[in-house]
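S.K.: Quick one, what's the 3D model for this:
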Amino acid sequence: MPFLGKDWRSPGWSWMKTDHGWKRIIFYGHEMEDNNINREIDLKEFSCDNEENLFVGDVCELSTTKRKKDFYNNNTKSQFVFRDKWIYVQKGSTKERHGYCTLGEALNRLDFSSAIQDLRRFNYVAKLFQLIAKSQLTSLSGAAQKNYFNILEKIVRKVVEDHYNPRLVKELLQDLSSTLHSLTIHVGRCVLVGNVNIWLCRLESIFKWQQQLNNLQIPKQMCTGMSFNDLPVYMQNKILYNLSDAYDIINLGQATPTLHSLSENRTLWKSLCHFHFSDKQFCRNLVLTQSDNVDWKLMYFTLQKHYPMKEQYGDTLHFCKHCSIVFWKDCGHPCSANDPDSCLMPISPQHFIDLFKF
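M.R.: Here you go, the predicted model:
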């Protein structure tokens, strides 16, 4: 006989007292989009002829609950909603806590949907999603995978609307498409959670997003005040020295002849190499010109192929070494340390993934 009731091991529902009585708190999502979903089926219509037939009422109640759940799973586009914007990294069982925390749970709890609206965190979230697409997609649960694609859709929409860093999102979609093709063709569909048709629809969505970004046209801004070209040359040069991405320097150099000459400066590329790589790495991959001078621009792209570059983000997730909690610094977390700031450690996207490897 299959078990049809609710799991007795569950922690139960959470309730909040209001002026009109007690109201149940729903943590797993927003209100459903369709107002008709709140209409419950009157069970008396099924059992009015025989009021003593309680089994019919129970079956109808279970079928109604399942139908609501299926409707929600097929139509929701929102991220999981939690009051706390932090998560405790649990790697083993103790007397106080049992079980462990997964990457998918962290993806649901840390409110990445709101983080992408902040330009300081956008590159961080996009890079994290790119690393998940490369190696951690199959480790996510079904709910986490669904949440992953919902947030990814919002990332693409922000790029289309604000024209912010389309190159990074193109690389993310390309890596995700390659991973899905590899999993469905070479590895097999058994490693993917969910129906095959769902993944085919997701592949179609990725292809549609790639077309949108490829056809993206950034309109020319009509500025009546001072523009970048009106700045003195030394200020333009100083701005170029503050850029840490080589592709940003190259693209900026294509704007005007003056910026092109500034972007080809050997000293600029030398400082960029010293920012991302160490002296020991230079000695192993020296690139000399015909006059025995170091070609720093070519040196940069040579080192880029062999060594990882230094990552730089406006805002990152933080890890509290005292509490073992991951959180956004602006949101905070309940810390019991005497000096909480001394326990904080910013974590890179790769370090965030490594926290949930067991």
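S.K.: can you pull out the strands in this structure?
M.R.: 14-18, 21-25, 86-88, 317-320, 325-328, 344-346 (DSSP state E).
S.K.: Can you pull out the low-pLDDT segments for the stretch 151-300 of the chain?
M.R.: 186-191, 222-223, 285-292 (pLDDT under 70).
S.K.: 80 - rerun?
M.R.: In the predicted model, the stretch 151-300 of the chain carries pLDDT under 80 at residues 184-197, 218-225, 279-294.
S.K.: how far away is the closest residue to His260 other than its chain neighbours from Gln236?
M.R.: In space, and not counting its chain neighbours, His260 is closest to Gly253: 4.5 Å by Cβ to Cβ, 6 or more residues apart in numbering. For every residue, glycine as well, the C-beta is placed using N, CA and C. Distance, Gly253 to Gln236, by Cβ to Cβ, to the nearest Å: 11 Å.
S.K.: who touches both of those two?
M.R.: Common contacts of Gly253 and Gln236 (Cβ atoms under 8 Å, 6 or more residues apart in numbering): Leu259, Leu262.
S.K.: Helices of the stretch 51-200 of the chain, start to end?
M.R.: Using DSSP state H, counting those that start in this stretch, the helices of the stretch 51-200 of the chain run over 54-75, 103-109, 112-115, 119-131, 142-162, 166-181, 196-214.
S.K.: The closest residue to Lys23 other than its chain neighbours: how many residues sit nearby?
M.R.: Using Cβ to Cβ, 6+ apart and skipping the chain neighbours, the partner closest in space to Lys23 is Met16 (5.4 Å). Here the number of neighbours of Met16 (other Cβ atoms under 10 Å) works out to 8.
S.K.: residue contacts, Met16?
M.R.: Contacts of Met16 (Cβ under 8 Å, 6+ apart): Trp22, Lys23, Arg24, Ile25.
S.K.: Over to Phe301?
M.R.: Counting by Cβ under 8 Å, 6+ apart, Phe301 makes contact with Ala246.
S.K.: if I look at it, how far off is Asn229?
M.R.: For Phe301 relative to Asn229 (Cβ to Cβ), the value is 28 Å.
S.K.: Relative to Phe277, how far out is the residue nearest to Ser263 when sequence neighbours are not counted?
M.R.: Among residues not flanking Ser263 along the chain, Gly253 sits closest, at 3.0 Å (Cβ to Cβ, 6+ apart). Gly253 is 21 Å from Phe277, where distance means Cβ to Cβ.
S.K.: now swap in Glu311 and tell me
M.R.: Counting by Cβ to Cβ - Glu311 and Phe277 are separated by 13 Å.
S.K.: higher neighbour count, those two?
M.R.: Counted by other Cβ under 10 Å, Glu311 and Phe277 do not tie: Phe277 has more neighbours, with 20 against 14.
S.K.: In this structure the more buried one contacts His306, no?
M.R.: No: using Cβ atoms under 8 Å, Phe277 is not in contact with His306, being 9.2 Å away.
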